[in-house]
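Chemist: Take this sequence and fold it.
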Amino acid sequence: MAYGVVGDMMTPFDIAVLDQVRESASNPTEVDLLVFHGSPDAPTVDLTVGSSQTPLVDNLEYGTFQGYLSVPAATYTLNITPENDNANNLFSYDADITSLAGGSATIFASGFVASEPEFGLWVALADGTTFRFPSVRLP
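Modeler: Predicted coordinates:
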C-alpha cells in the first residue's frame, strides 16, 4: 500500500507491505476485509458499523493495517471515529459489499481531513479494481 506525501518530511511517502494478502474469503458467503489507514492528517481512528459504538476496527494508526475481518456480504454504514470516542462520527460511508461474497477486499482511508484531496474511504479488490464508498451526510 502506497501512502504519505512526496517531499513532506512529517509524513513522507512510503510503501507498507503485507505479504499474506487473500484473494478469496475463508467462508464463501462472507467477505474477508483488510483495513489500512492512509490519511496523513487523520488521527488514530476506530471503524464502527451503523449505530453501534463498538469498534469493528480499534485504534488504527496512520500507516498501519488491521488484520483480516470476515463479515457477511451485505450493505453497511461504516463510521470513522476518533479512537476511544465512538459517539463522534468524523465520516460515514455507505459500504455495499453484497457482490463480494466469497472474495476479499482491502478498505483504505486516503486523502486529507483538513485539505485537498478530501478524505475518502476506498476499496481495492484482488483483481486491482478500486472504488470509493459514497459518503453519508452527517446531521
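Chemist: Just list the residues touching the residue lying closest to Ser92 once chain neighbours are set aside, thanks.
Modeler: Of all residues not flanking Ser92 in the chain, Val136 sits nearest, at 4.0 Å (C-beta to C-beta, 6 or more residues apart in numbering). Glycine gets a C-beta too; all of them are placed from N, C-alpha and C. Residues counted as contacts of Val136 (C-beta atoms under 8 Å, 6 or more residues apart in numbering) are 77, 92-94.
Chemist: got it, and Ala114?
Modeler: Asp41.
Chemist: just Ile80 next, same as before
Modeler: Applying C-beta under 8 Å, 6+ apart, the residues near Ile80 are 42, 45-47, 89-93, 109, 121.
Chemist: Now the residue nearest to Ser92, what are its backbone angles?
Modeler: phi -110, psi 130 (degrees, to the nearest 10).
Chemist: Quick check, pLDDT for it.
Modeler: On the pLDDT scale, Val136 is placed at 93.
Chemist: follow-up on the earlier one: just the contacts of Ile80 now: which is nearest Pro72?
Modeler: Checking the contacts of Ile80 against Pro72 by C-beta to C-beta gives Leu47 as the nearest, at 16.2 Å.
Chemist: That closest one: what's its closest spatial neighbour, skipping adjacent residues?
Modeler: Per C-beta to C-beta, 6+ apart, closest to Leu47 is Val57, 3.8 Å.
Chemist: would you turn the contacts of Ile80 into a markdown table with pLDDT?
Modeler: What follows is these, written out as a markdown table (pLDDT from 0 to 100):
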| residue | pLDDT |
| --- | --- |
| Ala42 | 95 |
| Val45 | 97 |
| Asp46 | 97 |
| Leu47 | 96 |
| Asn89 | 91 |
| Leu90 | 93 |
| Phe91 | 95 |
| Ser92 | 95 |
| Tyr93 | 97 |
| Ala109 | 97 |
| Leu121 | 97 |
